[in-house]
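**Q** Sequence and predicted structure are below.
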Amino acid sequence: MGTVGQEKLDQALCRCASGLRRVRCCDADISAWPGLAALEVLEAQGQETVKLFNEKQYAEAEAQALKLLDLAPNLRPALRVLYEIRKAQKRGAAEEALAIRLAALPGEPTVRAAANVLLAQHYVGQGRYAQARPPAAEAVMASPKDATAQHVLGVVLTESGELQAGERHYRRAVALLGRDDGVVLANLAWNLKLQGRLDEAVAFYEKALTLRPDNRRGQGGYAQVEFARGNREKALRLLDEALARWPDDRTLRLLRAMGDLAQGNAEAVLARIADAPEALHATELCIRGQALARLARPVEAVQHYASAKQLQRERHGQHYQAEEFAAKAAAYKAYFTAERLQPLPRAAPPPARQPVFLLGFPRSGSSLLEQLLGQVPGFAMGDEFSPLADLSRAIPALAGATGDYPEVLDHLLVGDGGALPQRLRQRYEEARMQLGLARPDVRFITDRSASNPWQLGLIKLLFPEAPVIHVLRHPLDVMLSNLAQDRRLEANCNASMPALARHYALLMSLIRHFRGQLTLRYLPVRYEDLVTDTAPTLGRVLDFIGAPPAAQPPEALLRANSAMPPGPLPAHFSGREPVHARGVYRHRAYQSHMPALFAEVRDILDPWITELGYAEAEA
Amino acid sequence: MSGAQEGKQVIPLADALARLAALEQANKLVEADDLANRMLAAMPEHPHILHLGGIIAYRNGRVAQAVERMEKSMALAPEAALYPRNMCEVYRGAGRLDDAVRAGQRAIALAPSDARAYFNLALIHYERLDLDEAVRIADEAIALDPAFAEAHFEKAEALLLAGRMKEGWESYEWRFKLKQAEGMLPKTDKPQWEGQPLPPGKLLIVGDQGFGDCIQFSRLIPWAALLCPQPVLACSGELTTILRQIRGVGKIVTRWEDTGDYEAYIPLSGLPRLAGITTQNIPPAGYLTPDPALVKSWGERLDRLTQKDKRRIALVWAGRPTHKNDRKRTLKLEQFAPLFARDDLTILTVQKGEQISQVGGYYGRAPLLNLGPEIADFADTMAILQHVERLVSIDTSVAHIAGAIGVPTALVLPHAPDWRWLLAREDTPWYPSLRLFRQERAYDWSGVIERVCASI
């Protein structure tokens, strides 16, 4: 039997900067790791390393951990010590690699849960919620009575937009703790705010902030809820109090500036956010730009918006995912043809509460239309809380078929597949019910999901006779309005104006395709009509939907746009304003100051300007 | 020395011209276009390249360029008879009928024994509704070439359009000698029926033409069944549901193998001649009936899908693109804009085929429901039409369906319509529920849809 000499060892250190040799770290052969019995031999030394760490003898603890892990890369105590040290040293790659390894180790359920919570929190800290989900879920499954695990999963689900599931885990965490916890309650309150359940959110915020008055994020969230409830004075007072306590908190300052803007005090925004432009975050640049726009300084406003977009591209790597979405659109167009859809089964009979699907590229006015419909008795506002995209992803599993959506819809033609549209509809309706939208007086529930243009085929199968209302606006106004926002949009199309234009054209052409191939109960409505001729335009929509004409509030009340309908309330309620026509053909003034402003997007948008009938407005 | 540049292949002009003509004949229009452009770049003043390049441009839909090239070729070679002959047809496509007449006359003057030159000119006279002249010129073509099927057929269409039905039906028999008629009739040595009585099931009736013709002429099947009970009907699968309703019809088949042992056959479009149909003795409409169950279910659906306070107007704007006159009869959806501006209407499009995609670009004020994707067959169409105030249609099969079941219809027609719509009248003896809206000028739809709209 030969021996391996020192000179033959692979001494290269791992690229993750853990300090371990790469063959004992990221390039290790897991199948060759020591078994449980062998690890027991090293357990005492492992605990000794933990002791050193707890006694703050970090250098010694690190050295010993490295040696032990060279012997046994899966020795949990040593791995945990090295993880804590690298985390403290902010060696991100090593921290992540070690956390992943810790989470994957076998062991007692509670220990495994703790390791997975660590990993999930690591991802949450970086805003990587999709990656945080598996370890957060693993932690809950390993130790369902672990309140921290439940809380972390609540955070992950809430931030991923799965609000109701997030709420369930927050409430479970509260129940397991057996006491009120300020952080958990504040997070639950934020979740409820996102669900539009503002009164409940306020109650939880009040309790949470009594327990933890030092929770800055909670104070900001509470103010946002009060703003959305129409209690603007109280919201501003809360923000002023918080800013007095934490004057350097930029999130609170930003929220306060947004309050200034909502009150029409653009000068105050400029005074409040007065840093040099290069020191501002993207959202701050946008709010300052909006204030400049209100002060009729469009050139400076556009400069601010452009800087914000540049910042998002250069610092945060936001780039338009053109190819991926073009391929998706091509696949949808290839599948959803009249010939292919005609034989597919549909859900029936007409639903008790009719969904009303709203389409519109961001900043086209679909939220305004939803606010106006929300003032009409019998309507509930579903905002963007739509389960359709999730349902489309679930179809392969539900149909017991392999393949991707939409091709998997072919399985609806086979065996029990015919019943699937009905099942999917039930799931959709259950989700709406859980949101509290299915009140007894409600006959129509709006669905304003951003994914609706993609889901028109599925909508046709689940709700064959549902109205689809498409809010149209002059494409250049749409561009301008989106330019002023720091809001992440589908495919990162917010990265630049050309990206916005390309995605606009992509979605419009997708909608055009669906309309040509499906029998859709479709009505186009123009934003320009909605804000200048509000009651008659809403009347057309209501007539089309089939709502009783007597239900419509009078013009003055509609235009005030301040009624507080029963909840839940959509997120866009916090930015609600009286109906105004300031934004109609706003691009003209900008173009007169900056003739080349839209030069890059003309080729893409001019055909749409013509097709939508805005060419005359251009002339 | 060849004088050719290195790397470039030089072929004789005659070969290149032959290749260009062959590509055009073989419908390889992209390749032909490319070759024509290259040849014109090298020899921009060559009359025959210009002529062929013009034909290729025309067939690629570039009519203005075609006219420009071909006019130049005629100027360069004023004695070439072929050029004005083809120019005549291209002017027709460009809507320049006066120029087309002049070109046609020039072609005849240059080649007085060229039957095709006469035929081309006869077509122009049909388009101008100079029907006597169309018949006279077609007769000249036939005199030069008695077996010239296209000329006979053109004569038939002119006679029928003029209401000279008896003469027209005789010439109309030439339609089966047209190139495009191949495969329409069974390959058989059995005789064509001449109206004599036959035992039950021994007459084969063939649905030979388009859907519209079959629907229109199917009213004559009961007459044939009086002489030959239970005739076998061979037709396209799309028609079986509705033609089954025709009184007296026997077995319906969609494959020649299933026709059974018949003794004689007759195309459906041959029945008017045998029955001696004139404008005065057309069997009445109302020979089709929608399925009551379908009528009920479509009624319920449409009540849910449309607004109660709006008047329902059904619409068909495009025909089958392979139809020989489709360019003349088909419109774009957007050309119906006067209807779309109406607040009191809901538009139900019953259009089928690829053209339904135009609905995607509709943003008019009147709600528009694209029913085409949900229509499985003519039975659905008939049921839907029971729930509309009126159908607005181009000259296509749905208009015949509407006429056969008595649905009020506004039919928009080209200046020189298909023969069945006759001349200068707003009604039609074939279908009393149809009102005809004709172009006032050839190829010009302006004012037509406005008149339809005003009538609603």
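**A** Alright, I've got the coordinates.
**Q** so what's the residue nearest the centre of chain B up against?
**A** In chain B, the centroid-proximal residue (Cα atoms, centre = their mean) is residue B:325; its distance is 3.8 Å. Counting by Cβ atoms under 8 Å, 6 or more residues apart in numbering or on different chains, residue B:325 touches B:414, B:418. Bear in mind the C-beta positions are built from the backbone N, C-alpha and C, glycine included.
**Q** Any stretches of the chain with poor pLDDT?
**A** By default, I'm working from chain A. Regions of chain A meeting the criterion pLDDT under 70 cover residues A:1-7, A:617-619.
**Q** wrong one, I was asking about chain B
**A** Judged by pLDDT under 70, the stretches of chain B that qualify are B:1-9, B:181.
**Q** Try it again at 80.
**A** In the predicted model of chain B, residues B:1-11, B:179-185, B:321-327 satisfy pLDDT under 80.
**Q** So which bits of it are right by chain A?
**A** Contact residues, chain B versus chain A (Cβ under 8 Å from any Cβ of the partner chain): B:301, B:304-305, B:307, B:309, B:356-363, B:367-374, B:376.
**Q** Just the buried ones from the residues you listed, in PyMOL syntax?
**A** To isolate the buried ones among these in PyMOL, judged by 16 or more other Cβ atoms under 10 Å in any protein chain shown, type:
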select buried, chain B and resi 301+305+307+356+357+358+359+360+361+362+363+367+368+369+370+371+372+373+374
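**Q** So which of the residues of chain B next to chain A belong to strands?
**A** Of the positions in these, B:368-370 sit in strands, assigned by DSSP state E.
**Q** Dump the residues you listed to JSON lines, plus distance to residue A:54.
**A** As requested, these are exported to JSON lines (distance: Cβ to Cβ, whole Å):
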{"residue": "B:368", "distance to residue A:54": "74"}
{"residue": "B:369", "distance to residue A:54": "73"}
{"residue": "B:370", "distance to residue A:54": "72"}
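**Q** Out of those residues, the closest to residue A:53 would be?
**A** residue B:370 (69.8 Å; Cβ to Cβ).
**Q** Find the residue closest to that closest one in space, skipping its chain neighbours.
**A** Spatial nearest neighbour of residue B:370, excluding adjacent residues (Cβ to Cβ, 6 or more residues apart in numbering or on different chains): residue B:359 at 4.2 Å.
**Q** my guess is that neighbour contacts residue A:515, does it?
**A** Yes - applying Cβ atoms under 8 Å, one finds residue B:359 in contact with residue A:515, separated by 5.6 Å.
**Q** Now for those two: what residues contact both?
**A** Each of residue B:370 lies in contact with both residue B:359 and residue A:515 under the rule Cβ under 8 Å, 6+ apart.
**Q** Show me what from the stretch 451-600 of chain A comes close to chain B.
**A** A:465, A:472, A:511-524, A:543-544, A:546.
**Q** Buried ones only from those residues, please, as a ChimeraX command.
**A** Buried members of these, defined by 16+ other Cβ under 10 Å, are picked up in ChimeraX with:
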select /A:465,472,511,512,513,514,515,516,517,518,519,520,521,522,523,524,543,544,546
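**Q** Straight-line length of stretch A:347-362, end to end?
**A** Terminal residues of stretch A:347-362 lie 30 Å apart, using Cα to Cα, to the nearest Å.
**Q** for residue A:579, helix, strand, or coil?
**A** coil (DSSP: H, G, I helix; E, B strand; the rest coil).
**Q** Give me the buried positions along stretch A:323-334.
**A** A:325, A:329, A:332-333.
**Q** which one is the residue in the stretch 201-350 of chain A positioned nearest to chain B nearest to, not counting chain neighbours?
**A** Minimum separation of the stretch 201-350 of chain A from chain B (Cβ to the nearest Cβ) falls at residue A:338, amounting to 3.8 Å. In this structure, residue A:338 finds its nearest non-sequential neighbour in residue B:373, 3.8 Å apart by Cβ to Cβ, 6+ apart.
**Q** contacting residues for that neighbour?
**A** A:338, A:341-342, A:517-519, B:356.
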